[in-house]
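Chemist: Just to be clear, the model below is a prediction. Sequence and coordinates:
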Protein chains: 4
Amino acid sequence: MTIKVAVLGAGLVGMHFAVGLERIKSGEIEPYGVPFAKYKMEIPIEDLEIVGFFDVDEKKVGKTVYDVALESLGKVLPIPRSLSDVQVYRGLHFKSLAGLPFKARGLEEEYGIEGGIQKFLEIIDDIKPDVVLNVITTEKASPLGSHEAFEKAISAGEITASQAYAYALLKYLEKRKIVMANFIPSPLANDEGLVKMYEEKGGIILGDDGATGATPLTADILEHLANRNRKVMSIAQFNIGGNTDFLALTVPERNLMKEITKSSIVEDILGYDAPHYIKPTGFLEPLGDKKFVAMHIWWKTFNGLEDELVVNMRINDSPALAGLMVDATRISAALLKRGIKGTVYEVNAFFMKRPGPPGSKNVSRIVAYYNLLEKLKNLGIIS
Amino acid sequence: MTIKVAVLGAGLVGMHFAVGLERIKSGEIEPYGVPFAKYKMEIPIEDLEIVGFFDVDEKKVGKTVYDVALESLGKVLPIPRSLSDVQVYRGLHFKSLAGLPFKARGLEEEYGIEGGIQKFLEIIDDIKPDVVLNVITTEKASPLGSHEAFEKAISAGEITASQAYAYALLKYLEKRKIVMANFIPSPLANDEGLVKMYEEKGGIILGDDGATGATPLTADILEHLANRNRKVMSIAQFNIGGNTDFLALTVPERNLMKEITKSSIVEDILGYDAPHYIKPTGFLEPLGDKKFVAMHIWWKTFNGLEDELVVNMRINDSPALAGLMVDATRISAALLKRGIKGTVYEVNAFFMKRPGPPGSKNVSRIVAYYNLLEKLKNLGIIS
Amino acid sequence: MTIKVAVLGAGLVGMHFAVGLERIKSGEIEPYGVPFAKYKMEIPIEDLEIVGFFDVDEKKVGKTVYDVALESLGKVLPIPRSLSDVQVYRGLHFKSLAGLPFKARGLEEEYGIEGGIQKFLEIIDDIKPDVVLNVITTEKASPLGSHEAFEKAISAGEITASQAYAYALLKYLEKRKIVMANFIPSPLANDEGLVKMYEEKGGIILGDDGATGATPLTADILEHLANRNRKVMSIAQFNIGGNTDFLALTVPERNLMKEITKSSIVEDILGYDAPHYIKPTGFLEPLGDKKFVAMHIWWKTFNGLEDELVVNMRINDSPALAGLMVDATRISAALLKRGIKGTVYEVNAFFMKRPGPPGSKNVSRIVAYYNLLEKLKNLGIIS
Amino acid sequence: MTIKVAVLGAGLVGMHFAVGLERIKSGEIEPYGVPFAKYKMEIPIEDLEIVGFFDVDEKKVGKTVYDVALESLGKVLPIPRSLSDVQVYRGLHFKSLAGLPFKARGLEEEYGIEGGIQKFLEIIDDIKPDVVLNVITTEKASPLGSHEAFEKAISAGEITASQAYAYALLKYLEKRKIVMANFIPSPLANDEGLVKMYEEKGGIILGDDGATGATPLTADILEHLANRNRKVMSIAQFNIGGNTDFLALTVPERNLMKEITKSSIVEDILGYDAPHYIKPTGFLEPLGDKKFVAMHIWWKTFNGLEDELVVNMRINDSPALAGLMVDATRISAALLKRGIKGTVYEVNAFFMKRPGPPGSKNVSRIVAYYNLLEKLKNLGIIS
């Protein structure tokens, strides 16, 4: 059963997803980094088919994914020829790249707001994705809540690209059931109204902010400490990298979006809000996509004594997320098939830094993994 | 309901246990480092009463725990006066300190083997512990298996102190039901015969090797990686400290005991035996009880790329274990009360590096914690 | 020969200087952290006498140094009674604490600008320091250059406290020769005009920004790499702490002052401007004065291969600088005695992050140390 | 002026030297990792010509350096064709590879001891090297001292390969003046008698143990601390790697050789023997030539407070040494040309972990670098 996937954002994450998926499908590489690959899942990786990317960068729009991937990853990885058949379509912009050094132009800038959204839905109807994955650049966003608020914000052009995409796809649900999975911090699965609207229309919306990088590991380390009732005195976590995402995060209001999703783990897991400094820290171009992470945690242990832990990492930022996207897609499609709608906490709890629906708690990743595994087994998605 | 506790080994771990427990009981400190302190447990910490220590070091035997604690911890911590009422009795030696710079003499050296064991049981019958905790120095040991093998080994004096204690307490079970919890690497809960004998006699034996230090965290980090299907290429874990345990581990055969319990986590958790170097690495006296740990792990992630993780820690070795002992004692006593006998995997899986019974698998600590929590709730031990 | 010292700023650094100096003088502690203590220096540490502190914090002004030290360090260190004889005088403010959570009031706010400066000089004339050490909170400042510019800035109240102090002391030089040593980033020894004026009047001005923390070590590590002709690809250096200085550095323009002095080492030592991110990164209160530093450096080595280095530190921020101040004082006084005037590059090169006079290059600390040692030997200051 | 170089040991270090040198000469890569490459040196890198390698591994003897390099480095680096013209000759063995998994056979096993040495000298006379670099596997060795002791040891076959090579080349000095530079721990430049004999015959012997890896950086960090009179409380330094050298160092007596050369820096630089644990720690094959280093240092600073430093590195072991060899060769040849003989402390102090002649002190690397630079300028070798 072929599952069709469209990706919003033809950046590094999207390209790793496309290249890695094709290489796994062709048997060239092992599915490392794909969480549930060791289990037998209803939808095998081989069944995923990428049907299109959307972007607003003039250097990418209109090209094939092969060409874009060659440009961004060609020095590091072999680019599968099969990606020549997939297009990068022009998507919605809504100033999502404002202030960053890209020449960007969205459908709404070409056709007006209504026309642009119309145009987007035409392409969607043409390529017919089952799952739409959002990996555009981090943007500043707040939940909108109601149908009216969305309508108003869109008409005024005062909406983020992610929200515009989510709202446009909502309209499309009348025609075909799809999933939108949001891997960036914008509150989509954390927008109560939006989740409700997806539920009413029979679609699924997952999110928010893909759980990769240092934060998931921090979550599990905090759980480890909490399990021993150690009293965490402070947490410092630094991140520095050289990819577009780190560049975008030098803009304070984009950075704040990340800080919010990253920090929520502390109180949720420890049960108290240990003093912490957790945020993307800087941009250093030569590091490229392989970021440097430094983390310091100290705590009081038995008998009032103090221990210290330092973690340093060099991790490839984009492939980590791309690997998650493979399984988020497989699971989403299987859930959709079963008529599940709205959002699914257990999926979000493992895959996302700030799991929706709003009000949900973060649990440690290991706990989330086993909870999800159990749910997937109960649903027969994993056998 | 008072629970009486005796401790084998009046070293740093034992002293931290005694001092910390009394300080918690008096309200002087919070029960940090006591895993389940945040839950309401059947037996509150306040109900634990230390009734005696056993040691063979001539500098400790015959003194009060207060005096011994003052000597070893007095510069760092206030020593509760209440420990003046507890004795350090002479215990069994069986050359367990051979090769280390201590003047040691055991009951069996005083009274002959049979007489020494007899004497030990008399003291036990006098102080009437419900739970006996073993924290003597790491020794070289192999499972003995049968009643006959134990008898033969004891007669010949070819037995380790831990095994001699375990076997002596087995005899005592005819009189009163007790728990022996083994926090050192010697295979007691991993001795199939011994576990069976405890089961037959209605006692509980828990073990082996208390899960503190770098290894439990390594277990959870490996689980974190396994949950993402990352392919671990190698693991290096160094430990260096300045306490007696590190001194003992400079003796190769003692070191090997630790290496075995520490290494078993790799294959159990990852599902394959990733190349690893995990062992106590050296003795450096000025570090004292606060060891330095360095760990390097690298793996293949999505799209065949490679990530790296380094962990460095400064951790107080003895208090970490002492904190676990508090809850192992509370749980043990509650299990005993319920008539449970033999060994209890779920308890061992969380508290021990090499959980018995033999053949048991290590799971990550976080998983073990929640499994145990569930069991304790089901049994009504935690409400 | 008694050398009298006054200190501008009664914060942690000043208190560590006072407490540590008295404890060394009384033989209570070893002079660890005092660079040249192992050599025989003309002026022994015992000859230093603290004659006064200046501050504008209402909680400190008018108290004895004993009382202020007790407040800030009393929980950590024994405070010498001898500090009861030393006063914290009201100093100059010029809004140097604006935006920080202190109730501050300077002499100029009490007596008007001219009157305030007059008052300051009266106190100076009363306590008669040979050396004045500046350790007030980091402030935003630019070189002023000429006598006229200073006059104009002072009259307008548009001057920083450090510059006002330096200029006031300049006037005092007509009466007695003194040294002003500036351990904060404000450009005093890097103000060409100011250095010239000190030279003309026969005083010495040293600075700027005491070389402690991560940056001096970074300098020596970069020198180490440069000595092997390794090509540094990037440098990331994070700092987080919980003292007032870190709090002040959350104000962007104060942070920038630090960034400038810290970054200048890269090109000076490597010979090229390797991409770097070196700046105070955040404020995390529980860390207190013991900051956490993380540093990542990677380079190309022989045959085009790449190596990586990570440094993590927990260092007491204030005592490190206080230790340097002891020797900067001893050396300053000996230089003054020899009639040396203006600024002294060799002294600045070792003690300061941004050595004056303007246009001077940073060299690695080890090189600077031996250059200074040689100069001190040549001058007979060290024998 | 062509300088001819022969290399003893066709392992990774030798191959990196050969490959890197040729790549630099052809302009393919920059001379990163070659310490004095940024200065104008009398003998440019282009003048170095490799004339032969010696080894005893049957898999290498008789092949071209191109073929051997292709085997060991071909997956990582392009191998220059020019190495097809250089042979790997059979060298002396004297059981230097005993206990390691190689099939080895030396000239002395082929032709008898006297015949083997004769044969070696014939090849030397044929290829006429100016400089012979020793990079064979670490072996257990003690200084022999006198002519007689060497003769006796050789006749009995109770000599190490390095000593046999050094002694054989000594005989050759009657014919042509050459340099032997010893980059492994065996005491050659630390053998008083041997140095004297080289001096008498007009040759140069440099050594011992090339200063690469963690130890030179440790030296500079210790100097940095000593410059501030910080009191080092303990030093722990771990090393783990997967190349042949780490495999060899799992043999305790080989490990001891390294431990001695590595540890000597502590007292030499600090002025007191701070407690330390510095030795190669383990073999972990997947790490290959890129070792993992972890180092922990803590000290008392001003006012008796304590700081901590942790260093972690991933460094390519062999290229680091290969880069040093390039300049050791250029400098050696220039010294030889000037008629200098015996050994040269300033050269050893920078290039070697245990600089000869015996009794010499280690200084920090940065100091050694500038001392050497000055000497080279004074001699006109660097202009």
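Modeler: Received the coordinates, thanks.
Chemist: Relative to D:Val266, how far out is A:Asp55?
Modeler: 58 Å (Cβ to Cβ, to the nearest Å). Just so you know, the C-beta spots here come from the backbone N, C-alpha and C atoms, and that holds for glycine as well.
Chemist: and A:Ile315, what helix or strand is that in?
Modeler: strand A:306-316 (DSSP states H and E).
Chemist: Tell me the helices and strands packed up against that strand.
Modeler: helix A:214-227, strand A:290-300, strand B:306-316, strand C:290-300, strand C:306-316 (3 or more Cβ pairs under 8 Å, 6 or more residues apart in numbering or on different chains; DSSP states H and E).
Chemist: export the ones you listed to a markdown table and tack on mean pLDDT and mean neighbour count?
Modeler: Listed next are the helices and strands packed on strand A:306-316 as a markdown table, based on pLDDT from 0 to 100; neighbours: other Cβ atoms under 10 Å in any protein chain shown:
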| stretch | mean pLDDT | mean neighbour count |
| --- | --- | --- |
| helix A:214-227 | 94 | 24 |
| strand A:290-300 | 97 | 24 |
| strand B:306-316 | 97 | 22 |
| strand C:290-300 | 97 | 24 |
| strand C:306-316 | 97 | 22 |
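Chemist: Dump these into JSON lines; add distance to D:Val65 as well.
Modeler: Below are the helices and strands packed on strand A:306-316 laid out as JSON lines (distance: least, Cβ to Cβ, whole Å):
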{"stretch": "helix A:214-227", "distance to D:Val65": "45"}
{"stretch": "strand A:290-300", "distance to D:Val65": "34"}
{"stretch": "strand B:306-316", "distance to D:Val65": "30"}
{"stretch": "strand C:290-300", "distance to D:Val65": "24"}
{"stretch": "strand C:306-316", "distance to D:Val65": "24"}
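Chemist: mind checking which of those is nearest A:Ile127?
Modeler: Nearest of the helices and strands packed on strand A:306-316 to A:Ile127, taken as Cβ to Cβ: helix A:214-227 at 31.6 Å.
Chemist: The lowest-mean-pLDDT helix or strand in chain A vs helix A:214-227, what angle?
Modeler: Within chain A, no helix or strand scores below helix A:252-270, which has a mean of 81 by mean pLDDT, DSSP states H and E. Here helix A:252-270 runs at an angle of 30 degrees relative to helix A:214-227 (axes from the mean of the first three to the mean of the last three Cα atoms, to 10 degrees).
Chemist: Return the set of buried residues in helix A:252-270.
Modeler: By neighbour count with 16 or more other Cβ atoms under 10 Å in any protein chain shown, helix A:252-270 contains the buried residues A:254-255, A:257-259, A:261-266, A:268-270.
Chemist: can you list contacts of it?
Modeler: A:137-141, A:185-186, A:208-209, A:215, A:218-219, A:222-223, A:225-226, A:232, A:235, A:237, A:248-249, A:273-274, A:276, A:278-280, A:353-354, A:361-364 (Cβ atoms under 8 Å, 6 or more residues apart in numbering or on different chains).
Chemist: Secondary structure element for the residue in the stretch 51-200 of chain A that chain B sits nearest to, which one?
Modeler: When scored by Cβ to the nearest Cβ, the stretch 51-200 of chain A has A:Leu77 as its residue closest to chain B, at 6.3 Å. Using DSSP H and E, A:Leu77 maps to neither a helix nor a strand.
Chemist: Helix or strand for the residue nearest to it when sequence neighbours are not counted, just tell me which one.
Modeler: Spatial nearest neighbour of A:Leu77, excluding adjacent residues (Cβ to Cβ, 6 or more residues apart in numbering or on different chains): A:Val19 at 5.8 Å. Using DSSP H and E, A:Val19 maps to helix A:12-25.
Chemist: Equivalent analysis for A:Gly157, please.
Modeler: Assigned by DSSP H and E, A:Gly157 falls outside every helix and strand.
Chemist: With A:Pro319 instead?
Modeler: Counting by DSSP H and E, A:Pro319 is found in helix A:317-337.
Chemist: what about that helix and chain C, any contact?
Modeler: No: Helix A:317-337 lies out of reach of chain C by Cβ under 8 Å from any Cβ of the partner chain, never closer than 14.9 Å.
Chemist: Extract the C-alpha trace of that helix and format it as CSV.
Modeler: Presented in CSV, the C-alpha positions along helix A:317-337 are these (Å, rounded to 0.1, in the frame of the first residue of the first chain):
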residue,chain,number,x,y,z
ASP,A,317,20.9,17.9,13.4
SER,A,318,18.9,17.3,10.3
PRO,A,319,19.3,13.5,9.8
ALA,A,320,18.1,12.9,13.4
LEU,A,321,14.8,14.6,12.6
ALA,A,322,14.5,13.1,9.1
GLY,A,323,14.8,9.6,10.7
LEU,A,324,11.9,10.4,13.0
MET,A,325,9.8,11.7,10.1
VAL,A,326,10.0,8.3,8.4
ASP,A,327,8.2,6.6,11.3
ALA,A,328,5.9,9.5,12.1
THR,A,329,4.7,9.1,8.5
ARG,A,330,4.2,5.4,8.7
ILE,A,331,2.4,5.6,12.0
SER,A,332,0.3,8.6,10.9
ALA,A,333,-0.9,6.8,7.8
ALA,A,334,-1.8,3.7,9.8
LEU,A,335,-3.7,5.8,12.3
LEU,A,336,-5.6,7.6,9.5
LYS,A,337,-6.5,4.3,8.0
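Chemist: So which elements touch it?
Modeler: Short answer (3+ Cβ pairs under 8 Å, 6+ apart): helix A:317-337 packs on strand A:3-8, helix A:12-25, strand A:48-55, strand A:131-134, strand A:179-182, strand A:204-206, helix A:345-351.
Chemist: do you know which of those lies nearest D:Thr160?
Modeler: Short answer: helix A:12-25, nearest of these by Cβ to Cβ, at 50.4 Å.
Chemist: helices and strands around that closest one, which ones?
Modeler: Using 3+ Cβ pairs under 8 Å, 6+ apart, helix A:12-25 is in contact with strand A:3-8, strand A:48-55, helix A:65-73, helix A:317-337.
Chemist: quick revisit: between the least confident helix or strand of chain A and strand A:290-300, how many degrees?
Modeler: Per the same axes, to 10 degrees, the angle that helix A:252-270 makes with strand A:290-300 is 40 degrees.
Chemist: after helix A:252-270 comes which helix or strand?
Modeler: Following helix A:252-270 in sequence, per DSSP H and E, is strand A:276-283.
Chemist: List the buried residues of that next one.
Modeler: Buried residues in strand A:276-283 (16+ other Cβ under 10 Å): A:276-283.
Chemist: and chain C, which of those residues reach it?
Modeler: Among the buried residues of strand A:276-283, the residues that sit close to chain C (Cβ under 8 Å from any Cβ) are A:276-277, A:281-283.
Chemist: and of those residues, the nearest to D:Leu70?
Modeler: A:Phe283 (40.5 Å).
Chemist: That closest one bridge partners, please.
Modeler: A:Gly241 (DSSP bridges).
Chemist: give me every residue that touches it.
Modeler: Counted by Cβ under 8 Å, 6+ apart, A:Phe283 has contacts A:240-242, A:246-247, A:249-250, C:277.
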